[in-house]
Each structure stands twice: as C-alpha cells, then as structure tokens.
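Chemist: Next one to model:
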Amino acid sequence: MAENTLSNLDRAAIIFKVFGNSLAVSLFRSLTPAEMNRIRKHADTLSHVPFKVKKKVLEEYYFQLMSEKFKAPKDETEKFLFDYMFQFSNEQIVFLLAPESALVKALAISQLPIEQQAAIIKEFDSDEQADILMNMSEVADIPYEGVVSIEADLKEKSKHIPRKARFNRSGSKQIAELLTRLDPDFERQFVSQIQNEDPDLAKELAKFHLSFEDFSKLPIDVVRDAVKSVDLADLAMAMKGMDAEFVEFMNSNIPQKAQIMLEDELRDLEGPQPRRKVETARRKLVDAVMKMAAEGRFSLEDFVDDDMIE
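Modeler: Sure, this is the predicted structure:
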C-alpha cells in the first residue's frame, strides 16, 4: 500500500483501524451512520498497513486539525487532561478501560504515575498487557484533538463507574478463618484435598492458615510468645493426642520451672479428654500466633509453605 495511492476512504479506514472504534466514532462524529459503517467495513479489509503509511496518514490528519481555527477563552486556566482519574482506585480504572481499544488504554494509563501504571497493566491478561505496552509507543502520534476527545469520552463514561462500596470479597483469608471454626478432621481433609487439586489456592491459603501441628515449623521466638500467652492448663490440654516429639518441642520452649508445672498439668489430664476442649485450647495458641503474623512480626507463608529449598 503506497502513500500516493491512498484514497480518502483508505485514509479514514486507517485512522479508524489505528484509533479503534470508540475513538474513531468521536473523531468522525460529523459523519452519518452509513458513512461510518462504510469506513468500518473498509477498515476490516486492510490486513496489513506499513507503519510509515500509518504515520504519514496520522501526520496529515494532525496538520489538518491544527490548521483549523481554535481559540481558547482568555480566562481559561491550564488544564491537566485525565486528572479526574486520580480519584479512582486501580480497580475502578481497570473497569473503566476494559472495553476500550489498546491505544485508548495506553493513552489513559500513561497519564498515571509509573508504579500505578504497572499495577493497572498487571490486571489485564498477558495478551492485553503486550498490546497496551506496544501501543504506548504510538500515544505520541495521537492528534491533540484526538487526545482531548478521548479524555472527554472517558470522563463521561467515568460517571458510571460504581463508586467505592464495602463488600466482602471472601477469598483465601476468609477460607482460612472458616476452616479454624469447622470440624478439625474436615479442616485437615480439605487442606490435603486442595494441595492435590488446586496448588495455587493451597499456596495462597498458606498465607493465612495455620494448624496446631505446624507449630514446629514456626520461629522459636514466636512459639515461645504464643506459649506465654496461654495458661499452662490450656497448653497441656492442647498437647493431648500429639506425638512425643511434638510434646518435647513445645516443652522445650517454656522456662524450666514452667516445665515442671506443665508435667503436673499433663498428669492431671491423663486419659481421654473431650475433643471440644482440646480443640479450643489449640485454637487459643493458633490465634496467638495469627495475631503476631497480623502485626507483622513474621510472615506465616515463609514457614508453613512446603515448597522449600535446602
């Protein structure tokens, strides 16, 4: 496709193809629906347009726009285009841009701070991410009027963005909290099941889920502080049914004087004990550890994750 053989329809179709449907419609708003359909159909027939041809067509269109008279009101102050986007969260911006062309996405996202740009782009799938990045190189070629038109179009659409509202997203954290309140046998069965069926969920769940059996994996100072937070009677009750190695581990993390007292507590609990009481005591210790994790004392995932490298 040579530059000197392009018809006006070719030029319009190229602009339509480069800018995408929503922007092209706003740029060509003086055309009738029938004329727009003709351009749209012709654009579909253009399988490959060389970059230099597209660049030339856009430059011609830009200079044509700039040749038209444009006078701003004398009292107009400097305006930052897309400034309304700063009031929205990343999630709301993704919602706003989702139906737009890659070029419009690239233009809008490029107006934001670089770290926010990266965070928003990550919300799209890999193919869209690549398209957005590639189109960022073409943002500079969008005519001024085109930029203004896109800005106005998105601003109008942004009025329909659902405003911030509180709602429960559920997710792995809530699953972990629920598991600790359900039957312990079911808890163990469920965790084992997702490790086999959904490793990604299992890894995410590990950030929030802790069983009493996992205590031996935790930092020693965390275990000691957890033990200090409960009565020795609760500690003794929690260790009912645990193997000797685990009992020795827990016993080694309390002062020697307390160890003697714990032995007395364990003797008093000889024989079967109600499951409810045992699980309640274990829950107190688990809650103490989870509180420390929530306070940033340590990362639970670093210690209970089975994916370790020696």
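Chemist: where do the helices sit along the stretch 201-310 of the chain?
Modeler: Using DSSP state H, counting those that start in this stretch, the helices of the stretch 201-310 of the chain run over 220-228, 232-238, 244-251, 256-268, 275-294, 300-304.
Chemist: Just the element for residue 10, please.
Modeler: Using DSSP states H and E, the element containing residue 10 is helix 8-19.
Chemist: Which strands or helices does that helix pack on?
Modeler: The contact analysis (3 or more CB pairs under 8 Å, 6 or more residues apart in numbering; DSSP states H and E) places helix 8-19 against helix 21-27, helix 33-45, helix 51-67, helix 102-109. C-betas here are computed from N, CA, C, even on glycine.
Chemist: and those as JSON lines, adding mean pLDDT, mean neighbour count and distance to residue 219?
Modeler: As requested, those are exported to JSON lines (pLDDT from 0 to 100; neighbours: other CB atoms under 10 Å; distance: least, CB to CB, whole Å):
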{"stretch": "helix 21-27", "mean pLDDT": "70", "mean neighbour count": "20", "distance to residue 219": "54"}
{"stretch": "helix 33-45", "mean pLDDT": "84", "mean neighbour count": "14", "distance to residue 219": "62"}
{"stretch": "helix 51-67", "mean pLDDT": "71", "mean neighbour count": "14", "distance to residue 219": "57"}
{"stretch": "helix 102-109", "mean pLDDT": "92", "mean neighbour count": "24", "distance to residue 219": "41"}
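Chemist: for the ones you listed, which one sits closest to residue 276?
Modeler: The closest of these to residue 276 is helix 102-109. By CB to CB, the value is 54.2 Å.
Chemist: Any chance of the helices of the stretch 201-310 of the chain in JSON lines with mean pLDDT, distance to residue 5 and mean neighbour count as columns?
Modeler: Output for the helices of the stretch 201-310 of the chain, formatted as JSON lines (pLDDT from 0 to 100; distance: least, CB to CB, whole Å; neighbours: other CB atoms under 10 Å):
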{"stretch": "helix 220-228", "mean pLDDT": "89", "distance to residue 5": "75", "mean neighbour count": "17"}
{"stretch": "helix 232-238", "mean pLDDT": "90", "distance to residue 5": "84", "mean neighbour count": "21"}
{"stretch": "helix 244-251", "mean pLDDT": "88", "distance to residue 5": "82", "mean neighbour count": "14"}
{"stretch": "helix 256-268", "mean pLDDT": "85", "distance to residue 5": "92", "mean neighbour count": "13"}
{"stretch": "helix 275-294", "mean pLDDT": "87", "distance to residue 5": "68", "mean neighbour count": "17"}
{"stretch": "helix 300-304", "mean pLDDT": "71", "distance to residue 5": "62", "mean neighbour count": "18"}
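Chemist: closest to residue 35 out of the ones you listed?
Modeler: Residue 35 sits nearest to helix 300-304 of all the helices of the stretch 201-310 of the chain, at 58.6 Å, using CB to CB.
Chemist: List the buried residues of the helix holding residue 10.
Modeler: 10, 11, 12, 13, 14, 15, 16, 17, 18, 19 (16 or more other CB atoms under 10 Å).
Chemist: Please identify which pair of those residues lies farthest apart.
Modeler: Spanning the widest gap among these are 10 and 19, at 15.0 Å by CB to CB.
Chemist: middle-most residue in this protein, spatially?
Modeler: Per CA atoms, centre = their mean, the C-alpha nearest to the average position across the chain is that of residue 123, at 6.1 Å.
Chemist: show me what contacts that residue?
Modeler: Taking CB atoms under 8 Å, 6 or more residues apart in numbering, we find residue 123 in contact with 90, 91, 94.
Chemist: Compare those and tell me which is most surrounded.
Modeler: residue 94 (18 neighbours; other CB atoms under 10 Å).
Chemist: Can you tell me the closest non-neighbouring residue to that residue?
Modeler: By the measure of CB to CB, 6 or more residues apart in numbering, the closest residue to residue 94 outside its immediate chain neighbours is residue 123, 4.6 Å from it.
Chemist: ok, that neighbour to residue 132 distance?
Modeler: Using CB to CB, to the nearest Å, one gets 11 Å for the distance from residue 123 to residue 132.
Chemist: What is the neighbour count of the residue nearest to residue 204 when sequence neighbours are not counted?
Modeler: Closest residue to residue 204 apart from its sequence neighbours, by CB to CB, 6+ apart: residue 172 at 4.2 Å. For residue 172, the count of nearby residues is 18 (other CB under 10 Å).
Chemist: Understood, closing this out.
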